[in-house]
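A.B. asks: Fold the following and give me the result.
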Amino acid sequence: MKRPSLYSILVVFICALPRTTLAVSWLEQRSAHFVVRYQQGEDKLASFLLKRGEKTREDIERDIGTTPPQPTLIYLVPSWDALQGALPDAPPPTWCVGVAYPSQNLIILRSPRSVRGGGTDLEEVLRHEYAHLALAHALKGNHPPRWLDEGFAILYSRGWSISWAFVLGRGVMTKQLIPLAHLADGFPTDQYQAELAYAQSFSLVSYIKTELGPNALHRLMRGLSYGLDIETALKQATGQGLKGLERRWQEELKRRFNLISVVTSFFSFWFVATLLFLLSYWLKRRKARRIREAWEQEEDHAKNPPPPGSAGGGLENTSA
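C.D. replies: Numbers count the residues shown, from 1 in each chain. Purely as a prediction, here's the structure:
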């Protein structure tokens, strides 16, 4: 499978964790609701994950009223080979940087240091995977449609960006939007279709949350947690079934993108959209580089500590 051009698109594999993962010796840091296990040299990354994990938990609990039982265990693996070794038999795509296991309240993340170019936004990946855990916990083990699961995770990890507008606009204008019924159990493996599936999922979940009333998404989740099928849960939450919701959402997309096409020519729209997408990508890479440089400076400081009596602090490391 080719690596998607939208690098932040993530694939989540829900399955059992091999026991071999737990047999490795790990360093460990803890916070109130998280445990991070990692290899030597990743101390600052682990500390960063604890801080951002607590913030992510607060955000999601405030919005949906529930979070996974504590503590959530996070493994920060040092390489692609290590990530493959921690996963089931079927290996993930080479661009995979995170996986979540709701049944075990577990997240496995690939260290940005092992990613070519180092462009991984580790906080975004963490928020995405933790959102999967939170939704699974809120639904009490009942299986949501894939578009809801991924749309919810993207809502709390990435949010709207010009890249989503680019993909959705292309889908609307070429009349190639994927029917939601085809996104219930899985996503396409084709690169373009997969990108469109993720963009549609995020757009639809955002539409439910922002356009159908402040409690529509909560009501939908509550209905699914009671074991209702998606059709019944949607009717109770929004007053319409899947086809009716899909029709209204697509009409809103067409209105939005048709308005853009009236204001600008087809060529200028895609030219500007491409430039904005490239700018967004460049800014994201620069942010990741700055975070990486800050980690390296902190690690250099740790290797050459200040004289006794100066201020210091940090989380204690132990062996797991």
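A.B. asks: any idea how far Q29 lies from F48?
C.D. replies: Q29 sits 10 Å away from F48, going by C-beta to C-beta, to the nearest Å. Quick note: C-beta positions are derived from backbone N, CA and C, even for glycine.
A.B. asks: Kindly tell me how buried E129 is, as a neighbour count.
C.D. replies: 27 (other C-beta atoms under 10 Å).
A.B. asks: Dump the C-alpha coordinates for the host helix or strand of it into CSV.
C.D. replies: E129 is part of helix 122-138, with elements assigned from DSSP states H and E. These are the backbone C-alpha positions of helix 122-138, laid out as CSV (Å, rounded to 0.1, in the frame of the first residue of the first chain):
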residue,chain,number,x,y,z
LEU,A,122,3.0,12.9,18.4
GLU,A,123,0.2,14.8,20.3
GLU,A,124,-2.2,14.5,17.4
VAL,A,125,-1.5,10.7,17.2
LEU,A,126,-2.0,10.4,20.9
ARG,A,127,-5.3,12.3,20.9
HIS,A,128,-6.5,10.3,18.0
GLU,A,129,-5.8,6.9,19.6
TYR,A,130,-7.1,8.0,23.0
ALA,A,131,-10.4,9.2,21.4
HIS,A,132,-10.8,5.7,20.0
LEU,A,133,-10.5,4.3,23.6
ALA,A,134,-12.9,6.9,25.0
LEU,A,135,-15.6,6.2,22.4
ALA,A,136,-15.3,2.4,22.9
HIS,A,137,-15.7,2.9,26.6
ALA,A,138,-18.7,5.3,26.1
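A.B. asks: circling back to that earlier point, Q29 and F48: which is more packed in?
C.D. replies: A side-by-side neighbour count of Q29 and F48, using other C-beta under 10 Å, places Q29 first with 24 against 20.
A.B. asks: And the next helix or strand past the helix or strand where the more buried one lies?
C.D. replies: Per DSSP H and E, Q29 falls inside strand 27-30. Where DSSP H and E defines the elements, the next helix or strand beyond strand 27-30 is strand 34-38.
A.B. asks: Who are the packing partners of that next one?
C.D. replies: strand 27-30, helix 43-64, strand 72-77 (3 or more C-beta pairs under 8 Å, 6 or more residues apart in numbering; DSSP states H and E).
A.B. asks: Tabulate these (TSV), appending distance to L204 and mean pLDDT.
C.D. replies: Below are these laid out as TSV (distance: least, C-beta to C-beta, whole Å; pLDDT from 0 to 100):
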stretch	distance to L204	mean pLDDT
strand 27-30	37	94
helix 43-64	17	93
strand 72-77	27	92
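A.B. asks: Comparing those, which comes out most buried?
C.D. replies: Comparing the helices and strands packed on strand 34-38 by mean neighbour count (mean count of other C-beta atoms under 10 Å), strand 72-77 comes out on top with a mean of 23.
A.B. asks: what is the orientation angle of that strand with helix 122-138?
C.D. replies: Strand 72-77 runs at 140 degrees relative to helix 122-138, counting by axes from the mean of the first three to the mean of the last three C-alpha atoms, to 10 degrees.
A.B. asks: Paired strands for strand 72-77, with orientation please.
C.D. replies: Its sheet considered, strand 72-77 pairs with strand 34-38 (parallel), strand 106-110 (parallel) by DSSP bridges.
A.B. asks: Of those strands, which is nearest R255?
C.D. replies: Closest to R255 of the strands paired with strand 72-77, according to C-beta to C-beta: strand 106-110, at 38.4 Å.
A.B. asks: Buried by neighbour count: which residues of the closest one qualify?
C.D. replies: Within strand 106-110, the residues that qualify as buried are 106-110, counting by 16 or more other C-beta atoms under 10 Å.
A.B. asks: follow-up on the earlier one: hey, what's the angle from whichever helix or strand comes after the helix holding E129 to helix 43-64? Just curious.
C.D. replies: Next helix or strand after helix 122-138 toward the C-terminus (DSSP H and E): helix 146-157. Helix 146-157 runs at 120 degrees relative to helix 43-64, counting by the same axes, to 10 degrees.
A.B. asks: so who does H218 touch?
C.D. replies: 64-65 (C-beta atoms under 8 Å, 6 or more residues apart in numbering).
A.B. asks: For it, what is the enclosing helix or strand?
C.D. replies: helix 216-225.
A.B. asks: sorry, back to before: now for the strand holding Q29, which elements pack on it?
C.D. replies: strand 34-38, helix 43-64, strand 318-319.
A.B. asks: I figured F152 hits H128, correct?
C.D. replies: No. Using C-beta atoms under 8 Å, F152 is not in contact with H128, being 9.8 Å away.
A.B. asks: picking that back up, format the helices and strands packed on strand 27-30 as JSON lines; extra columns: distance to A237.
C.D. replies: Shown next, in JSON lines, are those (distance: least, C-beta to C-beta, whole Å):
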{"stretch": "strand 34-38", "distance to A237": "31"}
{"stretch": "helix 43-64", "distance to A237": "13"}
{"stretch": "strand 318-319", "distance to A237": "45"}
